[in-house]
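In: Got a predicted structure plus its sequence, pasted below:
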Amino acid sequence: MDSSLEKRATLKHKIYACIAIGIACLLPIGASSELLISDEKARFLAFTSIALSIVLLTILFISLPRRKSTIREIIEDQKKSPLLMGIALTMGIPITIYLSIARGLPATLHFFISTHDSIDVTVSGKSSRYREKHCKGRILLSEYNSLMSNQICGVTKKSWEDLKPGDKLRLYGRRSFFGFNHINYTKLTDTEVSI
């Protein structure tokens, strides 16, 4: 890193760096989490991440015209295209914030405070074909409609082929204030559903 940047690192810069590191740590958790978050909480977290993204993008665009701003120096140091770097930041910040705040933060807190429980859900659909990669045997749930929180993965091929919209499943896993993370499932029969 440039020595002039190192000399100008103030407490404000260090706080920004700590926030950025925290967001970066939550990002892979949010991207890989299978936590089912209720629609109300997911909506609140999505609006929070949108608001935070707008604030960060506003700070970014306000600080760009200043000649000695750190972000301007970083963008100008890009060898290929500073414009491409600016576009990547403009698109990358909201995606990163959403995955970190709306997905990663609840998944992390859920890990610490959840207890064993089960819930009954209704199948609303399934992926067009059975996939082995990423989300193996994806099943969509009618009780959850928010982005990245409306599906379960890990369904066996035989079960996936037998399931159809309207079928009821009992999910076993861990529940917290933030949502539900399934570990196992069983298909409920008509007699079990009516009980």
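Out: Yep, that arrived.
In: Where do the domain boundaries of this protein fall?
Out: As given by automatic domain parsing, the domain ranges for the chain are 3-112, 115-194.
In: And the last one, how far out from the chain middle?
Out: What separates the centre of domain 115-194 from the centre of its chain is 19 Å, taken as Cα atoms, centre = their mean, to the nearest Å.
In: Then the first one?
Out: For domain 3-112, the distance between its averaged C-alpha position and the chain's averaged C-alpha position is 13 Å (Cα atoms, centre = their mean).
In: got TSV for the domains of the chain, with mean pLDDT and mean neighbour count too?
Out: Bear in mind the C-beta positions are built from the backbone N, C-alpha and C, glycine included. Output for those, formatted as TSV (pLDDT from 0 to 100; neighbours: other Cβ atoms under 10 Å):
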stretch	mean pLDDT	mean neighbour count
domain 3-112	82	15
domain 115-194	85	15
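In: Pull the contacting residues for the residue nearest to K168 when sequence neighbours are not counted.
Out: Using Cβ to Cβ, 6 or more residues apart in numbering and skipping the chain neighbours, the partner closest in space to K168 is L188 (4.1 Å). For L188, the contact set (Cβ atoms under 8 Å, 6 or more residues apart in numbering) comprises 120, 167-170.
In: what about the helices in this structure?
Out: Under the criterion DSSP state H, the chain contains helices at 3-7, 11-32, 39-63, 70-76, 82-97, 105-113, 157-162, 190-194.
In: With distance to S176 as added columns, please give those in CSV.
Out: CSV is the format used below for the helices of the chain (distance: least, Cβ to Cβ, whole Å):
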stretch, distance to S176
helix 3-7, 41
helix 11-32, 15
helix 39-63, 11
helix 70-76, 37
helix 82-97, 22
helix 105-113, 5
helix 157-162, 26
helix 190-194, 25
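In: of those, which approaches G179 most closely?
Out: G179 lies closest, by Cβ to Cβ, to one member of the helices of the chain: helix 105-113, at 6.2 Å.
In: which secondary structure elements does the closest one contact?
Out: Contacts defined by 3 or more Cβ pairs under 8 Å, 6 or more residues apart in numbering; DSSP states H and E place helix 105-113 against helix 11-32, helix 39-63.
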